[in-house]
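Fold the following and give me the result.
(4 chains)
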2 protein chains.
Amino acid sequence: MYTVRYTNAMDNRGTILEQALNLFSERGYDAVGVQEICDAAGITKPTLYHYFGSKRGLLEAILEQSFNTLKIRLTSAADYCGDLPLTLQTIAETYFSFASEFPVFYRLQLALWFAPQESEGFKAVIIQNRFQHEMIMNVFLNAVPQHGNMRGRHQDYALTFLGMLNTYIGLGLNGLTPLDVELARQAVRQFQYGIYS
Amino acid sequence: MYTVRYTNAMDNRGTILEQALNLFSERGYDAVGVQEICDAAGITKPTLYHYFGSKRGLLEAILEQSFNTLKIRLTSAADYCGDLPLTLQTIAETYFSFASEFPVFYRLQLALWFAPQESEGFKAVIIQNRFQHEMIMNVFLNAVPQHGNMRGRHQDYALTFLGMLNTYIGLGLNGLTPLDVELARQAVRQFQYGIYS
DNA sequence: CAATGTGTATACCGTTCGGTATACTAACGC
DNA sequence: GCGTTAGTATACCGAACGGTATACACATTG
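Coordinates of the predicted model:
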């Protein structure tokens, strides 16, 4: 009796996170009610509010958890080693494998990223998303000495590079293309011609 | 009295469309209530339901109206003349100028396009969006005789081309870059290197 | 001048919204 | 054992949700 009870209790927080992520990703943050999440997780509202305080807090917990994984992987991938093509390739592969591994989360993240700027979802995701821009922007900034013609445009490059990766990931998540190393190579090659020409 | 009354009546439908577009674009379809739209338009709910039948019907009317403009412009822009670079350039310019002219609508359209596949918004926009893919896909299909190495990949090209345009438009709508002819030229150039290499 | 049909408002429907006050259960530290 | 604390459920809050039944105002048509 003791162990069963305890195990269930420990799982509740995780179960809520998991079910909420599924529902938000499938139908959207605003369209999913708190009660529905509770039903899916097999708990009641006070339990949810005990752990997350609010619906917004629950969304932020979901984002924080999954983005941490991405953050860790990106930090080592975006470590500029003096070879820009290699670094971009590594970053692209990191994104593709992450999106393949957590497709439900990545779908949610993409939806929130393009959501209206005044929406709850956008405001929650932009905080977690800033580090991606800064990280990629630094890659281009550090590459300026080798590629002088990029000076002053590192921000544009970071944004379009990330935008292109997300375009491919969007296609991949809809089953239109496999998010493999070969696709990463192709994407990076396409991007670089735009830069260097 | 007669004319005033009549003019107001004629305007109500348009006012509802206009205010709903603004609200949906700013805060998202699900986050905006029908009552709020009515308040903004200065009418009451029965009036709205008289014209559009449902909240979903209102959204579809908004999309239909604005997409028609895009459809007309794209039809002439995507008329393949045997010169692929030129056609792509024309399409890019058409998209950029349309997005510049109707930024509020384009923001909504982008948000709905990336919304969860089971959401009301996505289902409403995908109907209107299909023609864009087909139109651009046909451009690549018609260009196959001149560019044999593209055979069998026209669908991928259409999707990534449109994805790239939307990436740039997203940046433009946030004021990070002007959506002018020069940017269109740069985007098309970057895209083609990926194709031809 | 009646009949009609369009457009609009008042008032309301049942349901669900996000969120909470209260109390009970059970494991933990003393 | 005994208080404390975390976790959970019952039951409920006021507000807002999408949508509608009814009635009325009015220009149009016979």
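
Kindly confirm whether my reading is correct that residue A:166 touches residue A:110.
Yes - with contact defined as CB atoms under 8 Å, residue A:166 and residue A:110 form a contacting pair (6.2 Å). Where you see a C-beta, it was placed from the backbone N, CA and C, and this is true even at glycine.

before we move on, which element is residue A:129 in?
Using DSSP states H and E, residue A:129 falls within helix A:120-143.

per-residue confidence at the closest residue to residue A:70 other than its chain neighbours?
Distances taken as CB to CB, 6 or more residues apart in numbering or on different chains put residue A:98 closest to residue A:70, at 5.5 Å, once the chain neighbours are dropped. For residue A:98, the pLDDT comes out at 97.

Please name the residues that touch residue A:98.
Applying CB atoms under 8 Å, 6 or more residues apart in numbering or on different chains to residue A:98 gives the contacts A:69-70, A:73, A:106.

Now it: which helix or strand?
Residue A:98 belongs to helix A:84-101, assigned by DSSP H and E.

follow-up on the earlier one: the residue nearest to residue A:70 and DNA strand D, how far apart?
30 Å (CB to the nearest atom of the strand, to the nearest Å).

got it, and residue A:30?
Counting by CB to the nearest atom of the strand, the gap from residue A:30 to DNA strand D is 10 Å.

so what's that residue closest to, chain neighbours aside?
residue B:30 (3.4 Å).

and residue A:81, helix, strand or coil?
coil (DSSP: H, G, I helix; E, B strand; the rest coil).

what about the residue in chain A that DNA strand C sits nearest to, how many neighbours?
Using CB to the nearest atom of the strand, the closest approach of chain A to DNA strand C is made by residue A:33 at 2.1 Å. Applying other CB atoms under 10 Å in any protein chain shown, we find 11 residues neighbouring residue A:33.

likewise residue A:54?
Using other CB under 10 Å, residue A:54 has 11 other residues around it.

tell me the contacts of it?
For residue A:54, counting by CB under 8 Å, 6+ apart, there are no contacting residues.

What parts of chain A come near DNA strand D?
A:8-9, A:12-13, A:43-47, A:50-51 (CB under 7 Å from any atom of the strand).

After the lowest-mean-pLDDT helix or strand in chain A, which helix or strand is next? Please name it.
Across the helices and strands of chain A, mean pLDDT, DSSP states H and E gives its lowest value to helix A:2-27, namely a mean of 71. As assigned by DSSP H and E, the chain's next helix or strand after helix A:2-27 is helix A:34-41.

Between the two ends of stretch A:145-153, what distance do you get?
13 Å (CA to CA, to the nearest Å).
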